[in-house]
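S.K.: predicted coordinates and the sequence they were generated for:
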Amino acid sequence: MNIYPPVEQRFSPFEFYSLMRKNNPIAFDEGNKQWGLYRYSDIEKILRDPIKFSSKFGPFQIPEEYQENLNRPSLLNSDPPYHRKLRSIVDTLFVPIEISKLEPRIKNIANTLIDNIIEKGNNNTMDLVTDFAYPLPATVIAELLGVPSEDHDTFRQWADDIVSLEITNESDIDSIRKADKTVVDMDVYFSKLIEKKKKIPTNDLISHIIRAQVDGHSLSEKEILSFCSLLLNAGHVTTVNLIGNLVFSLLENPQEFKRLQENQNSLIKPAIEETLRYRSPVQFLFRIANADVTLSGARIGDKVEQKIQKGQGITLFLGSANHDESVFTDPERFDITRKNLRHLGFGNGIHFCLGAPLARLEGQIALRVILERFENLQLNFDNSDRQNLYTKVSPLKSSFLLGLSHLPLFFKPKNR
């Protein structure tokens with residue numbers, strides 16, 4: 001059984017997830033030798049148990065010669081106690097009180113991007129992703145890291161090459177080679193930057209990581225490189241898709257967009273959280289069983305047990321958990337006034353997304369600036385046929401992320 005949504009449903013996998021929750025909530029994929037889990041309770045339980053379930057990704061269809069680069073240890077795929085040591089280096093820098101200090105600068109970047117869009121004209125049309133949703137968080141994380149923001153086109157290509165790697169199905173050797181080369185290119189780029197910052201430290205994340213010590217020892221070159229590439233990619237990819245998914249979902253549901261416009265101050269934050277639930281940018285996470293584990297309930301109402309063997313991989317479908325009927329009322333409806341917002345969009349447990357406060361703040365500022373600067377915002381293609389709307393958008397070529405590579409919009413600028 002294939003545990004992943006079909007390619008044609010990448011931007012709308014909800015029906016697939018619903019069927020899996022109902023009929024195969026704990027399913028085994030013979031082709032990939034992995035388990036797929038779809039229910040909120042099972043997924044939350046595993047995310048909260050790093051002892052029984054490891055975050056070390058393992059091979060996942062990647063040939064041995066590419067393991068060193070594509071599965072290197074990092075904050076993302078490490079277990080305690082090493083994970084705690086790595087996280088302690090940057091944890092305090094991403095707490096909400098520290099992130100809130102970035103608000104004026106993020107607003108400035110967002111308004112500058114809108115100024116550029118309006119000045120460019122293009123008959124009052126834009127590509128939300130290329131013109132706004134991508135450069136906003138890319139510029140912010142570049143400034144935080146201390147890398148030149150003018151290189152953000154390069155950053156985007158690196159991110160695209162890595163997230164489009166299909167490690168969930170039969171190996172695509174071309175995409176594996178491309179991702180491997182991307183890691184090498186990033187290492188070369190950051191190695192030069194690290195050498196400069198060792199000689200002349202500055203007040204940025206990379207300089208902070210270089211100075212950091214774990215158990216009295218500085219990080220190795222490879223550990224610093226892993227931190228740099230992870231923070232660069234993770235620091236903007238999720239937010240790009242959050243902004244794109246948010247705007248698309250509002251335009252797809254005009255009654256919710258109208259409600260937001262009438263109650264901006266009270267509904268901007270809930271709109272962000274509902275997007276993280278409804279169209280979660282990160283669709284799944286991997287874990288590996290550290291011991292034989294038994295999970296109960298092969299189907300809803302059944303008392304069948306499934307035994308996961310030590311060493312087997314498990315794919316946790318966050319996108320499905322966030323649509324679980326047993327947790328969320330009317331889960332297939334995009335509702336920015338929803339009361340229950342305990343989604344798993346940023347994961348859970350010790351690996352809860354480090355950048356969640358930053359992504360939330362960027363999303364809130366992006367939405368507020370869009371509402372302040374534009375009126376008559378519309379999809380810039382024929383969307384009268386709601387049934388076939390998803391066939392007209394450009395989903396990311398990624399099974400891991402849910403988002404759009406392009407979102408053409410029509411707008412009318414507001415007078416300032």
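M.R.: That came through fine. Residues are numbered from 1 along each chain as shown.

S.K.: touching stretch 89-100 from outside, list them.
M.R.: Outside stretch 89-100, the residues that touch it by C-beta atoms under 8 Å, 6 or more residues apart in numbering are 75, 205, 208-209, 212, 214, 219, 227, 231, 354-355, 357-358, 361. All C-beta spots, glycine's among them, are computed from the backbone N, C-alpha and C.

S.K.: just the CA atoms of stretch 52-71, as CSV, please.
M.R.: Listed next in CSV are the C-alpha coordinates belonging to stretch 52-71 (Å, rounded to 0.1, in the frame of the first residue of the first chain):
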residue,chain,number,x,y,z
LYS,A,52,11.1,4.8,21.8
PHE,A,53,11.0,6.8,18.5
SER,A,54,14.3,8.2,17.1
SER,A,55,14.6,11.2,14.8
LYS,A,56,17.6,9.8,13.0
PHE,A,57,16.2,9.5,9.5
GLY,A,58,18.1,6.5,8.3
PRO,A,59,18.5,5.5,4.6
PHE,A,60,15.0,6.0,3.2
GLN,A,61,15.8,4.9,-0.3
ILE,A,62,19.0,7.0,-0.5
PRO,A,63,22.0,5.1,-1.8
GLU,A,64,24.9,4.7,0.6
GLU,A,65,27.3,7.0,-1.2
TYR,A,66,24.9,10.0,-0.6
GLN,A,67,24.2,9.3,3.1
GLU,A,68,27.0,11.4,4.4
ASN,A,69,25.6,14.6,3.0
LEU,A,70,21.9,14.0,2.9
ASN,A,71,21.5,12.3,6.3
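
S.K.: just to revisit the earlier point, restricted to strands, list the contacts of stretch 89-100.
M.R.: When DSSP state E is applied, those are split such that Val214 fall in strands.

S.K.: show me where the stretch 251-400 of the chain has its helices.
M.R.: Along the stretch 251-400 of the chain, the stretches classed as helices by DSSP state H, counting those that start in this stretch are 254-262, 264-278, 318-321, 356-373.

S.K.: could you redo those as JSON lines and give each row mean neighbour count?
M.R.: Supplementary listing: the helices of the stretch 251-400 of the chain in JSON lines, determined by neighbours: other C-beta atoms under 10 Å:
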{"stretch": "helix 254-262", "mean neighbour count": "14"}
{"stretch": "helix 264-278", "mean neighbour count": "20"}
{"stretch": "helix 318-321", "mean neighbour count": "27"}
{"stretch": "helix 356-373", "mean neighbour count": "21"}
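
S.K.: any idea which of those gets closest to Phe334?
M.R.: helix 264-278 (5.0 Å; C-beta to C-beta).

S.K.: tell me what the closest one is packed against?
M.R.: Contacts defined by 3 or more C-beta pairs under 8 Å, 6 or more residues apart in numbering; DSSP states H and E place helix 264-278 against helix 221-252, helix 254-262, helix 356-373.

S.K.: make JSON lines out of the ones you listed and add mean pLDDT and distance to Gly313.
M.R.: Formatted as JSON lines, these follow (pLDDT from 0 to 100; distance: least, C-beta to C-beta, whole Å):
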{"stretch": "helix 221-252", "mean pLDDT": "93", "distance to Gly313": "21"}
{"stretch": "helix 254-262", "mean pLDDT": "97", "distance to Gly313": "37"}
{"stretch": "helix 356-373", "mean pLDDT": "97", "distance to Gly313": "25"}
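
S.K.: same list, those helices, but as JSON lines with distance to Pro104 please.
M.R.: Shown next, in JSON lines, are the helices and strands packed on helix 264-278 (distance: least, C-beta to C-beta, whole Å):
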{"stretch": "helix 221-252", "distance to Pro104": "18"}
{"stretch": "helix 254-262", "distance to Pro104": "24"}
{"stretch": "helix 356-373", "distance to Pro104": "10"}
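
S.K.: and these: which comes nearest Ile3?
M.R.: Ile3 lies closest, by C-beta to C-beta, to one member of the helices and strands packed on helix 264-278: helix 221-252, at 21.8 Å.

S.K.: report the angle between that closest one and helix 264-278.
M.R.: Angle of helix 221-252 versus helix 264-278, following axes from the mean of the first three to the mean of the last three C-alpha atoms, to 10 degrees, is 110 degrees.

S.K.: before we move on, the earlier item: quick one: closest of the helices of the stretch 251-400 of the chain to Leu242.
M.R.: Closest to Leu242 of the helices of the stretch 251-400 of the chain, according to C-beta to C-beta: helix 356-373, at 5.0 Å.

S.K.: identify all contacting residues around that closest one.
M.R.: Helix 356-373 is contacted by residues 94-96, 99-100, 102-103, 106-107, 110-111, 114, 118, 132-133, 136-137, 140, 235, 238-239, 242-243, 246-247, 260-261, 264, 268-269, 271-272, 275, 346, 353, 377, 413-414, 416 when judged by C-beta under 8 Å, 6+ apart.

S.K.: mind checking the helices and strands packed on helix 264-278 for the one nearest to Gln34?
M.R.: Per C-beta to C-beta, nearest to Gln34 of the helices and strands packed on helix 264-278: helix 221-252, 22.7 Å.

S.K.: got the buried residues for that closest one?
M.R.: In terms of neighbour count (16 or more other C-beta atoms under 10 Å), helix 221-252 has its buried residues at 223-252.

S.K.: Leu219: neighbouring residues, count only.
M.R.: 19 (other C-beta atoms under 10 Å).

S.K.: where does pLDDT dip in this structure?
M.R.: Applying pLDDT under 70 to the chain flags the ranges 58-61, 165-171, 297-304, 386-387.

S.K.: Ile117 contacts Phe132, doesn't it?
M.R.: Yes - using C-beta atoms under 8 Å, Ile117 is in contact with Phe132, at 6.7 Å.

S.K.: what sits in contact with each of these two?
M.R.: With C-beta under 8 Å, 6+ apart, Ile117 and Phe132 have common neighbours Met126.

S.K.: can you give me the helices in the stretch 101-250 of the chain?
M.R.: Along the stretch 101-250 of the chain, the segments classed as helices by DSSP H, counting those that start in this stretch run 103-120, 128, 135-145, 152-163, 173-199, 205-211, 221-252.

S.K.: now the one residue sitting closest to the centre of the chain, nearest residue through space, not along the chain?
M.R.: In the chain, the centroid-proximal residue (C-alpha atoms, centre = their mean) is Thr238; its distance is 3.3 Å. Nearest non-adjacent residue to Thr238, counting by C-beta to C-beta, 6 or more residues apart in numbering: Pro281, 4.8 Å away.
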